[in-house]
Each structure stands twice: as C-alpha cells, then as structure tokens.
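Enquirer: Could you look at this predicted model? Sequence included:
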Amino acid sequence: MRSRLVFLAPVLALAAIAAAGCGGSDPSRSANASQPVVIIMRDIAFTPDRVTVPAGRQVRFVFNNTGKLAHQAFIGNDQAQMDHEMGMSSSMEGMAQGPDAITVQPGQRGTLSHTFGANDRLLIGCHEPGHYAAGMKIAVTGS
C-alpha cells in the first residue's frame with residue numbers, strides 16, 4: 001500500500017499542476033466574458049448575502065433554488081423593494097415577474113441580468129409571503 005502512495009503522489013502533483021495551467025488567463029477572452037454570479041436560494045435565505053459587482057457591465061445572476069419553497073429574486077433599491085413587497089402582499093398580478101424579477105420553483109434554476117452603476121447599492125429580495133421580512137435579501141454593490 002505504501003509503495004502505491006509513493007508512486008501516486010508525484011502523479012497527482014503533476015496532474016494538479018497541469019490542471020492549474022489549463023485555467024490560464026486570456027485577456028481577450030476575459031474582457032468579453034461575463035462570469036455569472038451564482039446564488040443559492042434556500043428556505044428563507046440567499047447565499048451569499050452580499051455581492052460586489054463590476055459597474056457599467058451587465059451582470060448575470062444564476063439562482064439555484066435548493067429549498068422546498070418557491071422563491072423570488074427582485075432587484076431594486078430600498079424603495080423599490082418596499083413597493084414590490086406591498087404589491088406582493090396585496091396580490092397585484094404581474095409583480096412577481098418583469099425585467100428585474102423572477103420566481104424560481106424548488107429544484108429549479110433561473111437567471112436575471114442587470115447593469116449596475118458605480119457605487120450602486122441595491123438589494124435582491126425574495127417577496128414570497130414573510131420571506132423579505134425574515135431577512136431574505138442580498139446587498140449588491142457596484143464598484
């Protein structure tokens with residue numbers, strides 16, 4: 001058993017070095033490529049709960065609902081969040097969808113894209129009944 005470990009250690013080290021080398025940076029590719037921001041939706045929580053994004057570029061958020069309940073993602077400032085919360089509580093139709101809002105069912109994935117300005121301080125909130133009040137929100141800062 002020990003002789004196998006002695007043999008495998010250098011092989012694994014070389015494999016790790018080779019894999020790291022494959023991820024090299026290509027300036028032309030990275031300037032145009034937009035890495036999505038992956039958000040996990042769980043029952044009454046987003047992970048992460050804070051995100052800093054590049055200003056002036058469109059950011060694509062990918063929401064993975066790993067919970068047992070439907071969740072929403074709505075992008076807006078404090079006032080927009082409060083307006084959306086009031087609209088959802090009064091059951092106004094169409095408030096759950098739109099250019100800055102999606103609903104993601106359990107086990108599903110959804111995406112939202114938004115362009116942030118410099119020093120933007122927005123929130124992504126879930127406005128399913130009771131979720132926003134329980135703290136289901138993400139602080140998003142443009143830099």
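Expert: That came through, no problem.

Enquirer: Low-confidence stretches in the protein?
Expert: Applying pLDDT under 70 to the chain flags the ranges 1-34, 89-97.

Enquirer: Just the strands from it, written as ranges.
Expert: Using DSSP state E, the strands of the chain run over 37-42, 45-47, 50-53, 58-65, 71-76, 101-104, 109-115, 121-125, 137-142.

Enquirer: Mind giving me the packing neighbours of the fourth one?
Expert: Think strand 58-65. The helices and strands touching strand 58-65, judged by 3 or more CB pairs under 8 Å, 6 or more residues apart in numbering; DSSP states H and E, are strand 37-42, strand 71-76, strand 101-104, strand 109-115. Placement of C-beta: from N, CA and C, glycine included.

Enquirer: The same query, at a cut-off of 10 Å, please.
Expert: Other helices and strands packing on strand 58-65, by 3 or more CB pairs under 10 Å, 6 or more residues apart in numbering; DSSP states H and E, are strand 37-42, strand 50-53, strand 71-76, strand 101-104, strand 109-115, strand 137-142.

Enquirer: how about these, which one is nearest Arg121?
Expert: Closest of the helices and strands packed on strand 58-65 to Arg121 is strand 137-142, at 5.6 Å (criterion: CB to CB).

Enquirer: Mind listing what's buried along the closest one?
Expert: Across strand 137-142, burial judged by 16 or more other CB atoms under 10 Å covers 137-138, 140, 142.

Enquirer: partner residues bridging the spatially closest residue to Val53 that is not a sequence neighbour?
Expert: With sequence-adjacent residues excluded and distances taken as CB to CB, 6 or more residues apart in numbering, Val53 is closest to Val59, at 4.6 Å. Using DSSP bridges, the beta-bridge partners of Val59 come out as His114.

Enquirer: All good on my end, thank you.
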